[in-house]
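Visitor: need a structure here:
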Amino acid sequence: MKTMTRRELIKLFGNAAIGTGLLGASNLAFAKQSAHIVIVGGGVGGAAAAKYMRLLNSDVRITIIEPQPQYIFCPGSNEVVADFDTLETLTVDYNTLKSRYAVNVIQDYAQEIDYTGKSLILAKGDVIHYDKLIVSPGPDFKYNAVEGYSKELAEGDFPAAWHAGPQTLTLRDQIKSMPQGGTVLISSPVDPYRCPPAPYERASFIANKLKHTNPTAKILILDSKDDFIFHDVYMDFWKKEHGLGTDNARIEWVPAKNGGHVTKLDTNNRTLTTASGQTLRGDVINIIPPEMAGSFVRMNGLVKGDWAPINSKDFSSKRDKDVYVIGDSAAADPMPKTGYIASNQAKVVTKAIQAELTGKEIGTPFITNNCVAMAAEDWGMTVAETFRYAGNDRAYEESYVMSNPTENPYHRHIRAEVAKNWQRTFRKDIFS
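Guide: Numbers count the residues shown, from 1 in each chain. The predicted structure follows:
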């Protein structure tokens, strides 16, 4: 993914981009009557919404409500688990959004939406009034989907490591200190969850590391699914590099149909029990729980089931037309839950808001997803997806092109370089 030029931004977003100075905030003071766009969540979706709202409109007021002073990207965190990158590489702050795009960032928790009064109540007691509210808090985890598991255990000796941060480092350290010939158990959840190929990328990176540091160790992926994205590429890699299917396989994959679904954790014996009744012991146990919409979304009545229903043309909530839900919490099938999707959903929302503010028609959404993954430093894979609005609030129409297994090492290397460059460019695009 290449960085967009100024000319391309102006072509995409119109002359509003010119009025913001060097693609930043207008020198004009915001009028009190200017529309106030409030964003809950300062992750990829929220930050993209703030940045691109400013590019579209130099005079609206924009506020992000985010409890953390920094954001740690999840894409790239598997490299930290495998100990060939650091969390510092993945950590960004909100200084550019504040200084260049005149975004007000309030470090607090959003608690309650007053739909009638169009206001947001924060944990510290402040009340923030909005004209449009964009909700992008990320997902929460269903820890109780596995008997014996909990948030407290995930933050202790049994890390999920699906939000990049302290749990990522705990899992990394457990891999490094695992006894020779030990076993790593990875439980992969049912769909949907953020970054669909990431459990298999994680397993591959760990296997690559153990090949040199702990060559008799084994990794067992216990899956709640019978298939996954890039299945054929990962199978090809595991066979060629880690003996999949042989007596000495370093890595094994157990699909749901063969008893892979994990139902119970026994912390005392460090065992997982599967739906088939099999009990397996692990020196390192990495349970990736199923997901649901973030607690803020659920507590404010925006969900039906696990996810928040949206009007597909503009991602406005089914509950309130002035509230928009994007990213992992939105019920936006067939779109996967990826950071890139969240950022492009943010662009659809901001263009819809700008159209309403200026009395124009909302355009027809067309959303892209470029998903990348690696199995090793020189073994990459990519998928390019498009999602076209089908009209009448129907689900988006999907098409895609995906990497297949190849014997050509040059192709695998190029895909790996694309994956690395995509991560760097994506981080720069959202927070700079």
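
Visitor: Kindly tell me how buried residue 358 is, as a neighbour count.
Guide: Residues near residue 358, counting by other C-beta atoms under 10 Å, number 11. C-beta: built from backbone N, CA, C; applies to glycine.

Visitor: repeat for the one 4 residues further on
Guide: Applying other C-beta under 10 Å, we find 14 residues neighbouring residue 362.

Visitor: Likewise for residue 33?
Guide: 7.

Visitor: Spell out the secondary structure type for it.
Guide: Secondary structure assignment for residue 33 (DSSP: H, G, I helix; E, B strand; the rest coil): coil.

Visitor: just residue 383 next, same as before
Guide: Residue 383 ends up strand, using three-state DSSP.

Visitor: Please name the nearest non-neighbouring residue to it.
Guide: Sequence neighbours aside, residue 402 is the residue nearest to residue 383 in space, at 4.3 Å (criterion: C-beta to C-beta, 6 or more residues apart in numbering).

Visitor: Residue 197 is in contact with the one you found, correct?
Guide: No. Residue 402 is not in contact with residue 197 according to C-beta atoms under 8 Å; the separation is 10.6 Å.

Visitor: what sits in contact with each of those two?
Guide: 229-230, 381 (C-beta atoms under 8 Å, 6 or more residues apart in numbering).

Visitor: and the residues you listed as JSON lines, adding neighbour count?
Guide: As requested, the shared contacts of residue 402 and residue 197 are exported to JSON lines (neighbours: other C-beta atoms under 10 Å):
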{"residue": "229", "neighbour count": "19"}
{"residue": "230", "neighbour count": "26"}
{"residue": "381", "neighbour count": "27"}
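
Visitor: got JSON lines for the residues you listed, with pLDDT and distance to residue 113 too?
Guide: Shown next, in JSON lines, are the shared contacts of residue 402 and residue 197 (pLDDT from 0 to 100; distance: C-beta to C-beta, whole Å):
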{"residue": "229", "pLDDT": "96", "distance to residue 113": "34"}
{"residue": "230", "pLDDT": "96", "distance to residue 113": "38"}
{"residue": "381", "pLDDT": "95", "distance to residue 113": "40"}
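
Visitor: how's this structure carved up into domains?
Guide: 6-140+292-361, 150-289 (automatic domain parsing).

Visitor: and residue 402 and residue 197? which has more neighbours close in?
Guide: Using other C-beta under 10 Å as the criterion, residue 402 and residue 197 rank with residue 197 on top: 24 against 14.

Visitor: Ramachandran angles for the more buried one?
Guide: With angles defined as degrees, to the nearest 10, residue 197 sits at phi -80, psi 0.

Visitor: quick one: contacts for it?
Guide: 228-230, 234, 371, 373, 381.

Visitor: For residue 95, state which of those residues is nearest.
Guide: Top of the list for closeness to residue 95, among the contacts of residue 197 and by C-beta to C-beta, is residue 371 at 28.9 Å.

Visitor: where does the closest one fall, helix, sheet strand or coil?
Guide: Quick answer, by three-state DSSP: residue 371 is strand.

Visitor: With adjacent residues omitted, what lies nearest to it?
Guide: residue 383 (4.7 Å).

Visitor: right, and the one you found touches residue 399 too?
Guide: No. Residue 383 is beyond contact range of residue 399, at 11.1 Å (criterion: C-beta under 8 Å).

Visitor: what element comes up after the helix or strand harbouring residue 297 heading to the C-terminus?
Guide: Using DSSP states H and E, residue 297 sits within helix 295-299. Going down the chain from helix 295-299, the next helix or strand is strand 308-311, by DSSP H and E.

Visitor: What are the neighbouring residues in contact with residue 89?
Guide: residue 76 are the contacts of residue 89 under C-beta under 8 Å, 6+ apart.

Visitor: hang on, the earlier thing: now do the residue nearest to residue 383 against residue 196, distance only.
Guide: Distance of residue 402 to residue 196, computed by C-beta to C-beta, to the nearest Å: 12 Å.

Visitor: Buried residues, stretch 312-329. List them.
Guide: Residues 312-320, 323-329 are the ones in stretch 312-329 that count as buried (16 or more other C-beta atoms under 10 Å).

Visitor: among the residues you listed, which are in strands?
Guide: 316-317, 323-325 (DSSP state E).

Visitor: Just put those residues in CSV and tack on pLDDT.
Guide: Below are these laid out as CSV (pLDDT from 0 to 100):
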residue, pLDDT
316, 98
317, 98
323, 98
324, 98
325, 98
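
Visitor: Chain neighbours aside, what residue packs nearest to residue 269?
Guide: The nearest residue in space to residue 269 (C-beta to C-beta, 6+ apart) is residue 281, at 6.7 Å.

Visitor: Which strand residues bridge the one you found?
Guide: Judged by DSSP bridges, the bridge partners of residue 281 are residue 271.

Visitor: so it touches residue 270, yeah?
Guide: Yes. Residue 281 is within contact range of residue 270, at 5.8 Å (criterion: C-beta under 8 Å).

Visitor: So for those two, which sits in the more crowded spot?
Guide: residue 270 (17 against 13).

Visitor: For that one, give me the pLDDT.
Guide: The model reports residue 270 with a pLDDT of 98.

Visitor: Roughly how far does it sit from residue 287?
Guide: Taking C-beta to C-beta, one finds residue 270 at 12 Å from residue 287.

Visitor: what do you get for residue 175?
Guide: 15 Å.

Visitor: can you map out the strands along the stretch 51-200 of the chain?
Guide: 61-65, 70-72, 91-93, 104-106, 110-114, 119-122, 127-129, 132-135, 139-141, 183-188 (DSSP state E, counting those that start in this stretch).

Visitor: list the buried ones in the second one?
Guide: Taking 16+ other C-beta under 10 Å as the neighbour-count basis, strand 70-72 is seen to contain the buried residues 71-72.

Visitor: Which elements pack onto it?
Guide: Applying 3 or more C-beta pairs under 8 Å, 6 or more residues apart in numbering; DSSP states H and E, one finds that strand 70-72 contacts strand 91-93.

Visitor: Repeat the analysis, applying 10 Å as the threshold.
Guide: Packed against strand 70-72, as judged by 3 or more C-beta pairs under 10 Å, 6 or more residues apart in numbering; DSSP states H and E, are the following elements: helix 44-56, helix 87-90, strand 91-93, helix 409-431.
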